[in-house]
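1. the sequence isn't on hand, but the structure is:
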Ligand SMILES: Nc1ncnc2c1ncn2[C@@H]1O[C@H](COP(=O)(O)OP(=O)(O)O)[C@@H](O)[C@H]1O
Ligand SMILES: Nc1ccn([C@@H]2O[C@H](COP(=O)(O)OP(=O)(O)O)[C@@H](O)[C@H]2O)c(=O)n1
């Protein structure tokens, strides 16, 4: 069973309250960067420190795409009531309001979405490859854009992805672009897959993982629709030689300087 978790955990804390009080509207912290640069794990820790909600936009894309796929092939769906909206071809997805509403409901739960109709051994790496291809389709991106903005209108958020600081929240108060060398990222991803018990299904060496990440970097940076790039006003952090705790500390300090310390 593959779990696509969209972690949105609203916590109230003095930091979260102070941030909202200072601006009067919810705050967005945008964290972008290439695969395995540390975005989602770091963003979660930053959100927990600040008392903000965390939104994993990659998982949101995966859940959206899976919902569309299940919708177009109901025999593969194992649980839950029928999804509304017309069947669609994966290459021409439509934006269906009922599906968006259902996805938003899922997204508000901590561990919200599981796809049980998948092939056994369907690995994290092949999942992200498919997500990468489909997430580049304009209709998918515009549907996801609406959803991401709607979710962020409800609470202070830390959101990670590819285009959060450039197109989802171009006015985000804090933007961070995380990067690391392909070798470092490949080591991190391999260690993560081994830790997740996918060691047997991922028969990949370091070189192959580096090649896979480079190919995804190319696809994400060269696509026409909101490509991956560092926003001009983002703080760029090369985390190759940084521990995760150092990265988290750096981002929390940035938010404190730019948002929480703002004179009222
Ligand atoms: N600065 C760091 N140093 C070492 N490992 C890290 C660092 N940041 C993240 N990691 C680890 O690298 C792996 C990939 O991180 P992840 O947050 O999933 O990246 P992304 O969301 O960018 O794909 C995870 O196992 C994570 O714990
Ligand atoms: N905001 C986002 C997030 C993900 N994506 C796409 O979804 C793919 C998988 O994203 P992810 O965040 O789950 O993957 P990792 O960065 O964790 O490897 C990326 O390679 C992108 O092509 C996107 O286009 N926009």
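-> Done, it's in. Fair warning: this is a prediction, and the values are worked out from it, not measured in the lab. Ligands and ions are numbered 1, 2, ... in the order given.
2. low pLDDT regions in the stretch 101-250 of the chain?
-> 101-130, 196-203 (pLDDT under 70).
3. looking at the stretch 151-264 of the chain, which residue is nearest ligand 2?
-> residue 161 (2.5 Å; Cβ to the nearest ligand atom). Every residue, glycine included, has its C-beta placed from N, CA and C.
4. how much space separates that residue from residue 209?
-> From residue 161 across to residue 209, the span is 21 Å (Cβ to Cβ, to the nearest Å).
5. residue 191 too?
-> Applying Cβ to Cβ to residue 191 and residue 209 gives a distance of 10 Å.
6. more neighbours, those two?
-> Between residue 191 and residue 209, counted using other Cβ atoms under 10 Å, the more crowded position is residue 209 (22 against 11).
7. mind listing what's buried in the helix or strand containing that one?
-> Assigned by DSSP states H and E, residue 209 belongs to helix 206-222. Going by neighbour count (16 or more other Cβ atoms under 10 Å), the buried part of helix 206-222 is 209, 210, 212, 213, 216, 217, 219, 220.
8. ok, and which of those reach ligand 2?
-> 216, 220 (Cβ under 6 Å from any ligand atom).
9. adding distance to residue 65, write the buried residues of helix 206-222 out as JSON lines.
-> Shown next, in JSON lines, are the buried residues of helix 206-222 (distance: Cβ to Cβ, whole Å):
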{"residue": "209", "distance to residue 65": "23"}
{"residue": "210", "distance to residue 65": "26"}
{"residue": "212", "distance to residue 65": "19"}
{"residue": "213", "distance to residue 65": "20"}
{"residue": "216", "distance to residue 65": "16"}
{"residue": "217", "distance to residue 65": "20"}
{"residue": "219", "distance to residue 65": "15"}
{"residue": "220", "distance to residue 65": "16"}
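10. distance to ligand 1 added to the buried residues of helix 206-222, as JSON lines?
-> Listed next are the buried residues of helix 206-222 as JSON lines, based on distance: Cβ to the nearest ligand atom, whole Å:
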{"residue": "209", "distance to ligand 1": "12"}
{"residue": "210", "distance to ligand 1": "14"}
{"residue": "212", "distance to ligand 1": "12"}
{"residue": "213", "distance to ligand 1": "10"}
{"residue": "216", "distance to ligand 1": "10"}
{"residue": "217", "distance to ligand 1": "12"}
{"residue": "219", "distance to ligand 1": "15"}
{"residue": "220", "distance to ligand 1": "11"}
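11. out of the buried residues of helix 206-222, who's nearest residue 146?
-> Closest approach between the buried residues of helix 206-222 and residue 146, by Cβ to Cβ: residue 220, at 21.1 Å.
12. now the helices for the protein?
-> Assigned by DSSP state H, the helices in the chain fall at 14-23, 39-50, 57-72, 97-107, 124-135, 138-152, 182-195, 206-222, 244-255.
13. the second one near ligand 1 anywhere?
-> Translated: helix 39-50. Yes - against ligand 1, helix 39-50 shows contacts by Cβ under 6 Å from any ligand atom at 39, 40, 41, 42.
14. look up how far ligand 2 lies from the last one.
-> Using Cβ to the nearest ligand atom, to the nearest Å, we find residue 42 at a distance of 11 Å from ligand 2.
15. quick check: closest non-adjacent residue to residue 141.
-> Of all residues not flanking residue 141 in the chain, residue 225 sits nearest, at 5.1 Å (Cβ to Cβ, 6 or more residues apart in numbering).
16. doesn't residue 139 make contact with the one you found?
-> No - between residue 225 and residue 139 there is no contact under Cβ atoms under 8 Å: 9.9 Å.
17. residue 206 contacts residue 185, correct?
-> No - the criterion here is Cβ under 8 Å, and residue 206 misses it with residue 185 at 10.8 Å.
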